[in-house]
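Peer 1: Everything below, folded, please.
(chains A and B)
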Amino acid sequence: MSEHTGTINLHGITKAFRARSVLDGLDLRLGSGVTGLLGPNGAGKTTLLRILATVLRADSGDLEVFGLDPRRDADRVEIRRRLGYVPQEVGFHDDFTAFEFVDYLAILKEHSDRDARHDEVRRVLDIVGLVDARHRKIRKLSGGMRRRVAIAQALLGSPELLVLDEPTAGLDPEQRLRFRELLSAVGPSTTTILSTHQTTDIVALCQRVVVLHGGMFMFDGSPAELSATAVGRVWLSVERHPGAHVAWTTGDGRVRNVGDAPPGAELAEPTIEDAYLLLVGVHHQPDAGIAA
Amino acid sequence: MTTDWHVDDRQIEAYLADQATETVAASVEAHLLACARCRAQLSARTDDLDVDASWAALERRIDNEIADPVVRVCRTLGLPEVELRLVAPTASLKAASIVGAVLALAAAALLSQRATSTGVSLNRLAFLIVASLLPLVAVVGAIGTGSEPEPELARGTPFSRIRIAALRAIVALTGALAVGLVASLVVGGPWTRLSLWLIPALSLAALGVLGARLASPRVVVAVLGGAWVLGVTLAGRLSGDRLAAFHLGPQLVYLAIGMIAVALVIVRPSLLELRESS
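Peer 2: Coordinates of the predicted model:
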């Protein structure tokens, strides 16, 4: 694990649901900057982010956010004052307009003065490009627009900690680029942790990447360091190599193999995705899709 | 079309002062669209207007509007702005509940009217039972599982869930009691007899608050409501008086139970908090 002085300190965090262990003694320190969280479905990413967002309690272990202990009521409230959170799924109240939804969350975030609050609501909706659509009912918005509404509420009050669970899910490529711009514009002192299925998001946004698998951290370092773990283990061939963990036909007709390269293989520059696949040990055909 | 004619000083002054007649104002606006000269003339006179501020003020007015009719009623009744927004998610759900409740009570009231003419107290009993269950349904619906439209997000905010639940419970209870009291007036008859449902209703609602922490709204209403209907029916059968459950003695028992439930909530306000999801 790399040494980061932390806004967030986790030590020995465990969580189980009905005797099924989801997080198995996690240790982590997170400081300012953007950290990406990768892992297959069911790896425990959402559970970890929910614990960091103080909406779920760990079964054991110590969590410290801004030096505060979320097990204490007063500390938990203080953490929430400095937090922006986008859950994996938001249960939108369909009768709300986008404005009413964000305004409702602004009230829950203790923005009590109406004019100042409405200014702030317009500001965050403007950031996600929805200020002109703010009086449309949420039920009439597309999936991507709903996601942007969810991101907007997380930006209320310019929080010091952003916990984003798959914030780019449902966004088209242009919206994803806009999201990257937005996140780049967030102050450098902000601590951001995001889970995503898009390895391109990790490369574009994150100074640090953590891979979670089976409730444990498999990797913690920079995206470049993650890619480097696959050096010498990605090669191109005419046909799928039997020793490859994963192999797929690329656009130029050649097969990209990921695994233990045979002697004399034509090695290729590894990507973060190759390294990820090697780490989590995916053994399936590429046609079945890659879960990050 | 309009370039043969130009807006004169007097018309511009009147237009800017919002004192032009509707016809003149429309003509001026139509002409301005086509005539650059008059637009420039108008623009020269409006330099001191802060257009951005005007737009901002207009935006504020639009953003302050509340579409939900139930919430607008709450605003008319004096509920503050922040509380209005907190009630809004449940209020719109409750619009349908209120319509249903009004219909149920109206039906009960009609039955009760017929009862007076036939001398049978069964229908009056039906009215009392429906009226006493209404606050339970409203309160449990307002604070139980599913009452929070954004539970995951709400949990991640510093706002007190106890305050939200208390507010919603009070608004729902007030609405339900108002419907019940109006229906009582419709039924008519001695006030002392018609208000017999009030104390059982308050006690059931208080128990509902405790129950909402333990089970889903449907289960809470089914268990408490079922027990209440069963108890009233049994008391009537055993005593030979259908309204036995509404006599003074039982009323004192309901009062005591309700007070204990309220005391528990006051001592342990966390009972109002949302259950933590897995």
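Peer 1: contacts and neighbour counts: CA atoms only from here.
Peer 2: Fine.
Peer 1: Excluding sequence neighbours, find me the nearest residue to B:P269.
Peer 2: Once flanking residues are discounted, B:P269 sits nearest to B:I162: 6.6 Å by Cα to Cα, 6 or more residues apart in numbering or on different chains.
Peer 1: mind listing what the spatially most central residue of chain A touches?
Peer 2: The residue lying closest to the centre of chain A (Cα atoms, centre = their mean) is A:S195, at 1.7 Å. Residues in contact with A:S195 (Cα atoms under 8 Å, 6 or more residues apart in numbering or on different chains) are A:G36, A:L37, A:L38, A:K45, A:T46, A:L164, A:D165, A:E166, A:P167.
Peer 1: re earlier: buried residues in the helix or strand harbouring the residue nearest to B:P269, which are they?
Peer 2: If you go by DSSP states H and E, B:I162 is part of helix B:161-187. Within helix B:161-187, the residues scored as buried using 16 or more other Cα atoms under 10 Å in any protein chain shown are B:161-162, B:164-169, B:171-173, B:175-177, B:179-181, B:183-184, B:187.
Peer 1: who does that helix touch, helix- and strand-wise?
Peer 2: Judged by 3 or more Cα pairs under 8 Å, 6 or more residues apart in numbering or on different chains; DSSP states H and E, helix B:161-187 is in contact with helix B:81-118, helix B:122-143.
Peer 1: worst average pLDDT in those helices?
Peer 2: With a mean of 68, helix B:81-118 has the lowest mean pLDDT of the helices and strands packed on helix B:161-187.
Peer 1: tell me the average confidence for the helix or strand encompassing B:W55?
Peer 2: According to DSSP H and E, B:W55 maps onto helix B:51-64. Per-residue pLDDT over helix B:51-64 has a mean of 76.
Peer 1: Run through who's touching that helix.
Peer 2: Contacts to helix B:51-64, defined as Cα under 8 Å, 6+ apart, come from residues A:F99, A:D115, A:H118.
Peer 1: what number of residues lie near the last one?
Peer 2: Going back to what we said before, that points to A:H118. Residues contacting A:H118 under the criterion other Cα atoms under 10 Å in any protein chain shown number 21.
Peer 1: Once you drop chain neighbours, what's closest to whichever residue of the stretch 101-250 of chain A sits closest to chain B?
Peer 2: Closest contact between the stretch 101-250 of chain A and chain B, by Cα to the nearest Cα, is at A:L108 (4.9 Å). Nearest non-adjacent residue to A:L108, counting by Cα to Cα, 6+ apart: B:F159, 4.9 Å away.
Peer 1: Residues of the stretch 101-250 of chain A that sit close to chain B?
Peer 2: A:Y104, A:L105, A:I107, A:L108, A:K109, A:E110, A:S112, A:R114, A:D115, A:H118 (Cα under 8 Å from any Cα of the partner chain).
Peer 1: could those residues be laid out in a markdown table, adding pLDDT and secondary structure?
Peer 2: Compiled in a markdown table, these are given as follows (pLDDT from 0 to 100; DSSP: H, G, I helix; E, B strand; the rest coil):
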| residue | pLDDT | secondary structure |
| --- | --- | --- |
| A:Y104 | 93 | helix |
| A:L105 | 95 | helix |
| A:I107 | 95 | helix |
| A:L108 | 95 | helix |
| A:K109 | 95 | coil |
| A:E110 | 94 | coil |
| A:S112 | 88 | coil |
| A:R114 | 88 | helix |
| A:D115 | 88 | helix |
| A:H118 | 92 | helix |
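Peer 1: Quick one: buried ones out of these?
Peer 2: Buried among these (16+ other Cα under 10 Å): A:Y104, A:L105, A:I107, A:L108, A:K109, A:E110, A:R114, A:H118.
Peer 1: which one of the residues you listed is nearest A:L83?
Peer 2: When those are compared for distance to A:L83 (Cα to Cα), A:K109 wins out at 9.3 Å.
Peer 1: what's the closest one in contact with, if anything?
Peer 2: A:R81, B:T157, B:P158, B:F159.
Peer 1: helix/strand/coil for the last one?
Peer 2: On the three-state scheme (DSSP: H, G, I helix; E, B strand; the rest coil), B:F159 is labelled coil.
Peer 1: Counting neighbours, what do you get for it?
Peer 2: B:F159 has 20 nearby residues by other Cα under 10 Å.
Peer 1: and the residue of the stretch 101-250 of chain A closest to chain B, what is it in contact with?
Peer 2: B:A154, B:T157, B:P158, B:F159.
Peer 1: got a list of what the third one touches?
Peer 2: B:P158 makes contacts with A:R76, A:V77, A:E78, A:R80, A:R81, A:L108, A:K109, A:E110, as judged by Cα under 8 Å, 6+ apart.
Peer 1: Take these and lay them out in JSON lines including distance to B:R10.
Peer 2: Output for these, formatted as JSON lines (distance: Cα to Cα, whole Å):
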{"residue": "A:R76", "distance to B:R10": "65"}
{"residue": "A:V77", "distance to B:R10": "62"}
{"residue": "A:E78", "distance to B:R10": "61"}
{"residue": "A:R80", "distance to B:R10": "59"}
{"residue": "A:R81", "distance to B:R10": "57"}
{"residue": "A:L108", "distance to B:R10": "52"}
{"residue": "A:K109", "distance to B:R10": "52"}
{"residue": "A:E110", "distance to B:R10": "51"}
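Peer 1: Could you check stretch A:20-33 and say which residues are buried?
Peer 2: Here stretch A:20-33 shows A:V22, A:L23, A:D24, A:G25, A:L26, A:D27, A:L28, A:R29, A:L30, A:G31, A:S32, A:G33 as buried, counting by 16+ other Cα under 10 Å.
Peer 1: Among those, which lie within helices?
Peer 2: Using DSSP state H, no member of those sits in helices.
Peer 1: Kindly reformat those as CSV containing distance to chain B and pLDDT.
Peer 2: Formatted as CSV, these follow (distance: Cα to the nearest Cα, whole Å; pLDDT from 0 to 100):
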residue, distance to chain B, pLDDT
A:V22, 12, 93
A:L23, 14, 94
A:D24, 17, 91
A:G25, 19, 91
A:L26, 19, 94
A:D27, 22, 94
A:L28, 21, 93
A:R29, 21, 93
A:L30, 19, 92
A:G31, 20, 90
A:S32, 20, 91
A:G33, 21, 92
